[in-house]
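Peer 1: please work out how this folds:
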Amino acid sequence: MKLLCVDDEELILKLTMMLCRELDIVESVEGFSSSKEALKYLESNSVDAILMDIDMPEINGLAMAKIVGEKYPDTSVIFLTGYSQYAVDAFSMHASGYLLKPVSKDKLLTELEYAQNNKHTESFEEEDNCRIKARTFGNFTLEVDGKQVNFSRQKAKEIFAYLVDRQGTSVTRAEVFGELWEDGLYDRPMQKQLDVIIRSLKTTLEEYGIGDILESEKGTLRVNPDMIDCDMYRFLKGDKKARDAFRGEYMTSYEWAAVTEGYLTTLLEKENKKKRY
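Peer 2: Prediction:
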């Protein structure tokens with residue numbers, strides 16, 4: 001593979017290029033600390049993949065990826081960043097890969113092999129006409145008719161994320177409180193506070209025309225999973241593109257999500273092991 005590395009941090013740039021040169025699948029690698037210079041290089045040189053930092057001056061990685069996608073559609077893009085919150089933006093750009101700094105040689109090889117074997121794979125979100133889309137790989141986001149839902153309270157968003165994680169299983173309010181507040185005391189004042197947050201969640205869902213997705217009965221809550229196009233649900237059903245999109249990060253803002261993240265990682269490792277044998 002012919003690679004191009006773009007990072008304004010000279011030390012990181014040199015380290016990334018050094019790791020690339022140590023891989024057998026890499027034929028050549030060029031590096032630039034300026035996205036403008038990198039784009040100029042692409043005008044007269046073709047590469048198979050670009051490893052680029054997201055947080056760049058002048059033209060950031062996301063903007064550069066858009067240009068690359070329009071002008072050089074056969075070139076794969078792998079983002080490098082120190083911030084996991086960029087994951088959703090990265091995959092919305094149809095990036096081939098996403099790596100957190102510092103980059104390890106093994107993970108770099110995995111991403112390059114994926115880019116090499118899946119150049120023309122489209123994002124799985126576009127295959128379904130479902131109005132409601134939940135993205136759980138990276139940070140959690142909810143979209144309705146292509147627009148991201150803005151929750152008035154962060155805890156309301158987290159409650160909905162937790163219910164998505166439960167995949168339609170009914171949970172009591174006490175269980176929700178125990179997961180989201182951990183060691184908090186579920187006394188009368190906190191019960192009232194939880195009621196306020198749940199009402200806020202219901203109001204937000206109704207404002208987006210999806211109030212019926214949340215079911216509340218006899219002190220329990222659940223979401224209707226049949227109404228949601230969710231990357232994690234697709235992953236568990238064996239959807240190849242969903243599994244390719246999972247990079248070991250699941251609802252990264254929430255500590256309780258670590259259990260599901262570990263489970264998904266284990267499933268993927270078992271599947272990859274079967275393929276090798």
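Peer 1: so after the helix or strand of the chain with the lowest mean pLDDT, what's the next helix or strand?
Peer 2: Of all helical and strand segments in the chain, the minimum by mean pLDDT, DSSP states H and E falls on helix 87-92, at a mean of 49. For helix 87-92, the following helix or strand on the C-terminal side (DSSP states H and E) is strand 97-100.
Peer 1: contacting residues around the helix or strand following that next one?
Peer 2: Under the assignment DSSP H and E, the closest C-terminal helix or strand after strand 97-100 is helix 105-117. With C-beta atoms under 8 Å, 6 or more residues apart in numbering as the contact definition, helix 105-117 has outside contacts at 1, 3, 16, 19-20, 22-23, 25-26, 48-49, 76, 78, 96-99, 244. Every C-beta, even on glycine, is put in place using the N, C-alpha and C of the backbone.
Peer 1: flag every buried residue along helix 105-117.
Peer 2: Neighbour-count burial for helix 105-117, with 16 or more other C-beta atoms under 10 Å as criterion, is recorded at 108, 109, 111, 112, 114, 115.
Peer 1: and what of stretch 244-253?
Peer 2: Neighbour counts using 16+ other C-beta under 10 Å place 244, 245, 246, 247, 249, 250, 251, 252 of stretch 244-253 among the buried residues.
Peer 1: now do stretch 6-26
Peer 2: Of the residues in stretch 6-26, those buried by neighbour count under the rule 16+ other C-beta under 10 Å are 6, 7, 9, 12, 13, 15, 16, 17, 19, 20, 23, 26.
Peer 1: save these as TSV, and put in secondary structure too.
Peer 2: Shown next, in TSV, are the buried residues of stretch 6-26 (DSSP: H, G, I helix; E, B strand; the rest coil):
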residue	secondary structure
6	strand
7	coil
9	coil
12	helix
13	helix
15	helix
16	helix
17	helix
19	helix
20	helix
23	coil
26	coil
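Peer 1: out of the residues you listed, who's nearest residue 239?
Peer 2: residue 23 (28.8 Å; C-beta to C-beta).
Peer 1: not counting sequence-adjacent ones, nearest residue to that closest one?
Peer 2: Across the structure, with C-beta to C-beta, 6 or more residues apart in numbering as the measure, the residue nearest residue 23 apart from its sequence neighbours is residue 109 (5.6 Å).
Peer 1: for the one you found, give its distance to residue 149.
Peer 2: Residue 109 is 37 Å from residue 149, where distance means C-beta to C-beta, to the nearest Å.
Peer 1: what stretches of the stretch 51-200 of the chain score poorly on pLDDT?
Peer 2: Across the stretch 51-200 of the chain, residues meeting the criterion (pLDDT under 70) sit at 83-97, 118-128.
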